[in-house]
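[1] okay, sequence plus prediction incoming.
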Amino acid sequence: MKVCKIGVLLCAISVLLSGCWSTIELNDRTFVSGLFVDKSPVPGEVLLTIATPLTNRMTSGAEAGGPSSSGNPYATVTKSGKTFPEAMQKIQDDLTRKLTWGQTRIIVMGREYAEQGTKELFEWLIRQPQFHLKTYIIVAPGKSTEITELTPIYERTPTEVLREFVNLKVLMQTSVKNYLEAVIAGQDVAASILTFGKVKAVSEKGKETPWAGTDGAALFSNGKLVGTLNMKETRMLLWLNKSHQSQIRTVELDGGKEKISVTMRQLKRQIRPQLSGNKILFHITLTAEADVLSAVSSKDLLDPKIVHKIEQKFADDIRSDALAMLKKTQRLKSDILMLGSIVDWRYPRKWREIKDHWRDYYKENVDIQIQANIRISHFGSETVPFWQHEKMR
């Protein structure tokens, strides 16, 4: 009887140790690090490009610049198809390894593709069980495939460069999840847009190399790119979105003869809606503490009246910048702050009346009032410029 029980136990253990029949070995996988989407030159088709690391070239010798470092440690494959699954199947057919989405962190859309509409892309993505909803969305100024050509000086691959841009909050942290939430709620989203060109790089012995940088934000409305914000407007958006912890700003006094730069920190915003007849008025309050970084000025920063004047100048500039940025989103019918969600929460009955035509309502029937409160709390070790010390003796 004991022998029988032991035999059953050994059989059960052997089944558990046999592994899973459906697994794929790591050596048989291709890990997609970036997805690049463009409008295809073939009418009615989409152009997909995947970027993948070449693990056989990512050796210790390659990292040290040894003999095995020849060639790029990454590759791209591009195919066109009538649908996303068809284009991706064509890519898979040309690979010796199975595509895996678990490491994908960047999606770059070409501007022309983004302008024609992006819903098919995201409809396909949410059906991929391996795809991370936290994957970042970025817009290229032209073709997205141009970005794959940039020279990754500090990183090993172009997608790593873009990922680090986002992690450092140089770019907006707009994700697939953010996009889906906005579309489902009948509202909109903004994503970073890049600039692309060629520069002479010292690390490349002065040769001109492809280079990508930040160029503001792309505004979406109903799933389509409808306009852009410049860098100044984008920084204001990041404050209003509570995406930045600090910003550097400069004000000019006395007709530009004097300049004071500060670090804005503890950036906060409060939004309160108010029904006013057939309109909705949004009261937005922005607050921040400021640390003086430089003061090219003869003014005494110990004088409370002078400090108040500087604080008021910063507040006026911030109020003006924020209002101008939001007015632009209204003209483009792009509710990138998702103000509609605030209306839904505060006035659900009113929201049910206007949600089906919210974008038109946002443009025509929404008023915005902005108040900014800035307090300079640190002046550094110098309260007057060092060249003023001699005059004070």
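    Now that the structure is in, tell me what you want to look at. Being a predicted model, the structure only gives us computed values, none of them experimental.
[2] rounded mean pLDDT for stretch 292-300, please.
    For stretch 292-300, the mean pLDDT works out to 83.
[3] and it, how far apart are its ends?
    For stretch 292-300, the first-to-last residue distance is 13 Å (Cα to Cα, to the nearest Å).
[4] swap in stretch 128-139?
    Stretch 128-139: ends 22 Å apart by Cα to Cα.
[5] residues of that stretch that come out buried?
    Using 16 or more other Cβ atoms under 10 Å as the test for burial, stretch 128-139 gives F131, H132, T135, Y136, I137, I138, V139. C-beta: built from backbone N, CA, C; applies to glycine.
[6] pLDDT score assigned to the third one?
    The predicted local distance difference test score for T135 is 92.
[7] now for the closest residue to it other than its chain neighbours: which residues touch it?
    Spatial nearest neighbour of T135, chain neighbours left out: V176 (5.1 Å); criterion: Cβ to Cβ, 6 or more residues apart in numbering. Listed by Cβ atoms under 8 Å, 6 or more residues apart in numbering, the contact set of V176 reads I107, F122, L125, I126, F131, H132, L133, K134, T135, I137.
[8] tell me where the model's unsure across the stretch 151-300 of the chain.
    For the stretch 151-300 of the chain, applying pLDDT under 70 flags the ranges 153-154, 198-208, 211.
[9] quick one on the thing from earlier: dump the buried residues of stretch 128-139 to TSV, plus distance to D188.
    What follows is those, written out as TSV (distance: Cβ to Cβ, whole Å):
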residue	distance to D188
F131	22
H132	22
T135	19
Y136	17
I137	13
I138	17
V139	14
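[10] which among the residues you listed gets closest to T118?
    Nearest to T118 among those is I137, at 8.9 Å by Cβ to Cβ.
[11] chain center to the helix or strand where that closest one lies: distance?
    Per DSSP states H and E, I137 falls inside strand 136-140. From the chain centre to the centre of strand 136-140 is a distance of 7 Å (Cα atoms, centre = their mean, to the nearest Å).
[12] ditto for stretch 106-126
    The answer for stretch 106-126 is 15 Å, by Cα atoms, centre = their mean.
[13] and the end-to-end length of it?
    15 Å.
[14] what mean pLDDT does it get?
    Here the average pLDDT along stretch 106-126 is 93.
[15] mind starting the numbering at 829 from now?
    Okay, residue one is now 829; in that scheme the one you just asked about reads as stretch 934-954.
[16] which residues touch the residue nearest to F912 when sequence neighbours are not counted?
    Closest residue to F912 apart from its sequence neighbours, by Cβ to Cβ, 6+ apart: W952 at 4.1 Å. By Cβ under 8 Å, 6+ apart, the contact set of W952 is T911, F912, P913.
[17] any idea of the pLDDT on the second one?
    Spelled out, it's F912. 94.
[18] ok, it touching L949?
    Yes - between F912 and L949 there is a contact under Cβ atoms under 8 Å: 6.6 Å.
[19] which neighbours do the two have in common?
    With Cβ under 8 Å, 6+ apart as the test, F912 and L949 both reach V874.
[20] where does pLDDT dip in the stretch 829-978 of the chain?
    Using pLDDT under 70, the flagged stretches of the stretch 829-978 of the chain are 829-856, 884-899.
[21] just confirm I1088 is within a helix.
    No - membership of I1088 in a helix is not supported by DSSP: H, G, I helix; E, B strand; the rest coil, which gives strand.
[22] beta partners of it?
    V1079, A1123 (DSSP bridges).
[23] helices of the stretch 829-978 of the chain, start to end?
    For the stretch 829-978 of the chain, helices defined by DSSP state H, counting those that start in this stretch occupy the ranges 830-844, 888-891, 912-921, 939-944, 947-953.
[24] run through who's touching the third one.
    Helix 912-921 has contacts (Cβ under 8 Å, 6+ apart) with 873-876, 878, 905-909, 926-927, 948-949, 952.
[25] can I get that helix as PDB, trimmed to CA atoms?
    What follows is helix 912-921, C-alpha atoms only, in PDB (Å, rounded to 0.1, in the frame of the first residue of the first chain):
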ATOM      1  CA  PHE A 912      -2.600  46.400 -37.900                       C
ATOM      2  CA  PRO A 913      -2.800  42.600 -37.500                       C
ATOM      3  CA  GLU A 914      -2.000  42.100 -41.200                       C
ATOM      4  CA  ALA A 915       1.000  44.500 -41.100                       C
ATOM      5  CA  MET A 916       2.200  42.800 -37.900                       C
ATOM      6  CA  GLN A 917       1.800  39.400 -39.300                       C
ATOM      7  CA  LYS A 918       4.000  40.400 -42.300                       C
ATOM      8  CA  ILE A 919       6.700  41.500 -39.800                       C
ATOM      9  CA  GLN A 920       6.400  38.300 -37.900                       C
ATOM     10  CA  ASP A 921       6.800  36.300 -41.100                       C
END
